[in-house]
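*Asks:* Predicted model follows, preceded by the sequence.
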Amino acid sequence: MSDGESLDGLRPQALGWSADVGWRERRRQRRARRFAGPGGPEFQFPVRFLLFATLLMAGWVAMTPAYPVLTALTAEAAALVSRALGLDAVVEPGAHVAFGGSESFRYHINSGCVAGPLVVIFAAAVVAYPATRRQRVIALVIGLPGLLVANLARLVVLGWVGVNAPEDFDVIHTYWAGSAMPALTGAGWLAWVWFGPRRASRLPPGGTRATAAVPRRPRAISVKPAALLIATFVGSIAVLGVIGVAMGGITVWGHALHAPFAAVARPFDGIYVPSTLPDDGWLTFYGAAYAKLAGVVTLFLITPGVAWRERVRRAFLIGVPLAYLVQLGTLVVRLGVASTLHSPAALGFGGTDAGGLAGTLIGGLMSAVHLGIPAIVWYRWSRR
């Protein structure tokens, strides 16, 4: 072997570095390949997402005086679309929508029916993800109206169900709509990232820190994988719905959450927490919690670029335990806030006193963490 050949093996280009990269940058690249520390990209997205979600959710809570206007506009839009589709719908005072004429079915539009928290979560995830300004603007311009349209479709479907199958309204409202909307929000973000600004997980050969920040060229959308993901999305919601509604999964999940929660609640006075189930109000509450669990599992199952076995493993070994801990922790925090402020409204949503506002903020952040679990796990995987 000649001297020139031996020296070529030591040149920066042969080691995957650019010739103008200094030794400090080379050392940084070696460390980045081995492990992304607390300041590395794997940690930046989760921190940025939780920070933006908290700030935007606080802004949503601060808009409480505008809630009556938002609910009234949502009610008018739901009634307008319902009439266009052949349903007899009228708006009544207090943001109520009545369907079906004299023997009418009606529901009330409250602050939780306008998709505000989901819009906030989607916006926080888009802003937190490393992308160009143009890519973020495109995501927000398409994604936010898309979520509002999906929420409007949900309200119209619920109105049709209330008229034609009123006995099924509660379960469809609590589970089917409660799981599909959060999962759809996360799926929209995953689709944007996968087909748009997804970046290389490692520096390319000859790349520098500057070139590493350049996003990959968006992949062409393949019909077959996209159709498979859509089928997985629908199938996961359906299967988990059958397990929860027809096979008692919601009751089991409610008991699993309620037993430790009721034990923690015993020292608190003045806050109604039943010691045992069933209780219709709390079963509905835990039905919504099960719906969020179904959304988390569904998002794990539709994460792109991951083998099926790995998706299932992550869904049930990471997603389910973390969702349980988040939900139980949220209940305990809400109970503490309700006891401190002497306001049972902190255990629910939509209250206008201090406890109610705190409950809305805590509930919104819980939803953000739920959707953040599969997003963060997938993001960390995509960087490796």
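*Replies:* Here it is on my side, so go on. Numbering: from 1, shown residues only.
*Asks:* And residue 98, how far from residue 260?
*Replies:* From residue 98 over to residue 260 the distance is 42 Å, taken as Cβ to Cβ, to the nearest Å. For every residue, glycine as well, the C-beta is placed using N, CA and C.
*Asks:* if you count what's nearby, which of the two comes out ahead?
*Replies:* More crowded of residue 98 and residue 260, by other Cβ atoms under 10 Å: residue 98, with 18 against 12.
*Asks:* So the more buried one sits against residue 90, correct?
*Replies:* Yes: with the criterion set as Cβ atoms under 8 Å, residue 98 and residue 90 qualify as a contacting pair; they are 5.3 Å apart.
*Asks:* Assign residue 339 to helix, strand or coil.
*Replies:* helix (DSSP: H, G, I helix; E, B strand; the rest coil).
*Asks:* Tell me, how many residues neighbour the spatially closest residue to residue 88 that is not a sequence neighbour?
*Replies:* For residue 88, the nearest residue in space outside its immediate sequence neighbours is residue 101; the separation is 5.3 Å by Cβ to Cβ, 6 or more residues apart in numbering. Look at residue 101: counted by other Cβ under 10 Å, it has 9 neighbours.
*Asks:* One more: residue 112?
*Replies:* Residues within reach of residue 112, counting by other Cβ under 10 Å, total 17.
*Asks:* before we move on, back to that, you'd agree the residue nearest to residue 88 is in a helix?
*Replies:* No: assignment of residue 101 by three-state DSSP gives coil, placing it outside any helix.
*Asks:* how close does it sit to residue 76?
*Replies:* Between residue 101 and residue 76 the distance, using Cβ to Cβ, works out to 19 Å.
*Asks:* how about the strands in the protein?
*Replies:* Ranges of strands in the chain, per DSSP state E, are 89-92, 96-99, 105-108.
*Asks:* hmm, who's touching the last one?
*Replies:* Outside strand 105-108, the residues within contact range by Cβ atoms under 8 Å, 6 or more residues apart in numbering are 92, 94-99, 158-159, 162-163, 166, 169.
*Asks:* Going by neighbour count, which of those residues are buried?
*Replies:* Burial by neighbour count, judged by 16 or more other Cβ atoms under 10 Å, picks out 95, 97-99, 158-159, 162-163, 169 from these.
*Asks:* packing partners for the biggest helix by length in the chain?
*Replies:* The longest helix of the chain (DSSP state H) is helix 133-164. Packed against helix 133-164, as judged by 3 or more Cβ pairs under 8 Å, 6 or more residues apart in numbering; DSSP states H and E, are the following elements: helix 67-84, strand 96-99, strand 105-108, helix 116-128, helix 169-171, helix 177-195.
*Asks:* make it 6 Å
*Replies:* Helix 133-164 is packed against helix 67-84, strand 96-99, helix 116-128, helix 177-195, with contacts defined by 3 or more Cβ pairs under 6 Å, 6 or more residues apart in numbering; DSSP states H and E.
*Asks:* Now that helix: buried residues?
*Replies:* Of the residues in helix 133-164, those with enough neighbours to count as buried (16+ other Cβ under 10 Å) are 135-136, 138-140, 143-144, 147-148, 150-152, 154-156, 158-163.
*Asks:* wait, residue 240 sits on residue 295?
*Replies:* No: with contact defined as Cβ atoms under 6 Å, residue 240 does not count as touching residue 295 (9.1 Å).
*Asks:* count of residues packed around the closest residue to residue 82 other than its chain neighbours?
*Replies:* Sequence neighbours aside, residue 89 is the residue nearest to residue 82 in space, at 3.8 Å (criterion: Cβ to Cβ, 6+ apart). As a burial measure, residue 89 scores 26 neighbours (other Cβ under 10 Å).
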